[in-house]
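1. the following comprises the amino acid sequence and a computationally predicted model.
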Amino acid sequence: MDLFKVYKLWDIEPVRGLDTTLWDKDGNEYTDLYGGHAVISIGHSHPHYIKMLSEQLAKLGFYSNAVQNSLQKELARRLGKSCGYEDYSLFLCNSGAEANENAMKAASFHTGRAKMLAFSRAFHGRTSGAVAVTDNPKIRSPFNTCENVTYIPLNDIEAAEKELSSRLYAGVIIEGIQGIAGIYEPTDGFLHELRRLCTKYGSILILDEIQSGYGRTGKFFAHQHSGIRADIITTAKGMANGFPIGGVIISPEIRPEYGMLGTTFGGNHLACTAALAVLDVLENEHLIENAAKMGEYFRAAFHPDGKPDHAISEYRGKGLMIGLQIRQEYAGLRDRLLFEEHFFTGAAGADVIRLLPSLTISVATASRFMDSWHRLTR
């Protein structure tokens, strides 16, 4: 048996990591400025993370959700305190797509409505409901086509009111920052108006913070830069530093019922321990503050003399969620950064480089990257 080949793979196999450094099987060293799709939030092989997981595995790795699990309750308490949603409830699952599925299901149960409003260029996952609200026909099979989903342009409040005023929509699902699309932000004004419209017309506002959450933008969740509160927030990627987990943070107005949501592996002992370790490190090492500081460093570095670097036409994002719109003459720059300079970065299409490093990144590491960038683009 071979693998079902659905990924384009570089001929590199990382076998060891430490903070923002990776080594491949041949001993070559790389700097990781992508964190495996924004997953590595506290750096590779953090000693506190390893210690907590090792100790928990030696005691109990898994049992089902048919019994009490105090680690789940501790994670809910700690997460609520860290993100400022202490009066909300937490449902634990295994991934971002699953979190979005359950968020939309909860909204539909609560409102009794079927429709969902989503946005152009959105990405919410690859499971059935999540892909139905993802604006990418290439990954939406005929089975996933859903007449209950409407797409409107991001930041178009008139289009949002036109749809929501029908009172047919269970909810609106929106990314804190659109990641896979290329780092596009909803404006503060749009989020405020969207919040108002959801309240006015009885729709649930779902903030997908799977990529933009857990301190990546310099706030715990990206939407908190605007000062609004969501009805439901979904989280996953940076939540457990690589251990599979997802979370749905749910308003107290949405009441749970037996059998409404469920999961086999969600909230298992190892997953909760990994997530608690991440919260420890975020707090003890002030990593959310570091994300804000390093975001300002990169923004300034890519705007010498107040103008965008000559290799980019636009710098987008907040904190350590960065999109660099590459000028046409620098096509292929991402591959050169990897193979010539040994920096892992991400992409969004052929012309956007995404930087999503661990929140532990230092000025020294960022400065080395800028030196490599200038060497390749001068």
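-> Arrived safely, thanks for sending.

2. quick one: Lys51 is in a helix?
-> Yes - assigned with DSSP: H, G, I helix; E, B strand; the rest coil, Lys51 falls within a helix.

3. what about it, distance to Gly215?
-> Distance check for Lys51 against Gly215: by Cβ to Cβ, to the nearest Å, it reads 21 Å. All C-beta atoms are positioned from the backbone trio N, CA, C, and that covers glycine.

4. more neighbours, these two?
-> Gly215 (28 against 11; other Cβ atoms under 10 Å).

5. and the more buried one, how far from Phe302?
-> For Gly215, the distance to Phe302 - Cβ to Cβ - is 21 Å.

6. next one: Asp11
-> For Asp11, the distance to Phe302 - Cβ to Cβ - is 30 Å.

7. what's the answer for Gln328, then?
-> Applying Cβ to Cβ, the value for Gln328 to Phe302 is 18 Å.

8. more crowded one of these two?
-> Between Gln328 and Phe302, Phe302 has the larger neighbour count (other Cβ under 10 Å), namely 19 against 8.

9. ok, now which ones touch the more buried one?
-> Pro308, Asp309, Ile312, Tyr315, Leu324 (Cβ atoms under 8 Å, 6 or more residues apart in numbering).

10. wait, doesn't the first one sit right on Tyr315?
-> Going back to what we said before, that points to Pro308. Yes - using Cβ atoms under 8 Å, Pro308 is in contact with Tyr315, at 5.9 Å.

11. all helices of the chain, in order?
-> 35-38, 47-59, 70-83, 96-111, 128-132, 157-164, 188-201, 269-284, 287-301, 333-339, 363-377 (DSSP state H).

12. now mean pLDDT and distance to Ile139 too, for those, in TSV please.
-> Converted to TSV, these look like this (pLDDT from 0 to 100; distance: least, Cβ to Cβ, whole Å):
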stretch	mean pLDDT	distance to Ile139
helix 35-38	96	15
helix 47-59	98	32
helix 70-83	98	30
helix 96-111	98	11
helix 128-132	95	6
helix 157-164	98	24
helix 188-201	98	26
helix 269-284	98	26
helix 287-301	98	29
helix 333-339	97	21
helix 363-377	98	31
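
13. closest one to Met260 among those helices?
-> The minimum distance between Met260 and the helices of the chain falls on helix 96-111, with 5.8 Å, by Cβ to Cβ.

14. which parts of the closest one are buried?
-> By 16 or more other Cβ atoms under 10 Å, the buried positions in helix 96-111 come out as 96-104, 106-111.

15. again with stretch 58-77
-> Here stretch 58-77 shows Asn69, Leu71, Gln72, Leu75, Ala76 as buried, counting by 16+ other Cβ under 10 Å.

16. what is the nearest of the residues you listed to Lys59?
-> Checking these against Lys59 by Cβ to Cβ gives Leu71 as the nearest, at 10.6 Å.

17. quick check: closest non-adjacent residue to that closest one.
-> Ranked by Cβ to Cβ, 6 or more residues apart in numbering and with sequence neighbours excluded, the top spatial neighbour of Leu71 is Cys272, at 3.8 Å.

18. ok, now which ones touch that neighbour?
-> Cys272 touches Asn69, Leu71, Gln72, Glu74, Leu75, Leu92, Ile245, counting by Cβ under 8 Å, 6+ apart.

19. check Ala160 too.
-> Leu117, Ile152, Val172, Glu193, Leu194, Leu197 are the contacts of Ala160 under Cβ under 8 Å, 6+ apart.

20. ok, it to Pro186 distance?
-> Taking Cβ to Cβ, one finds Ala160 at 11 Å from Pro186.
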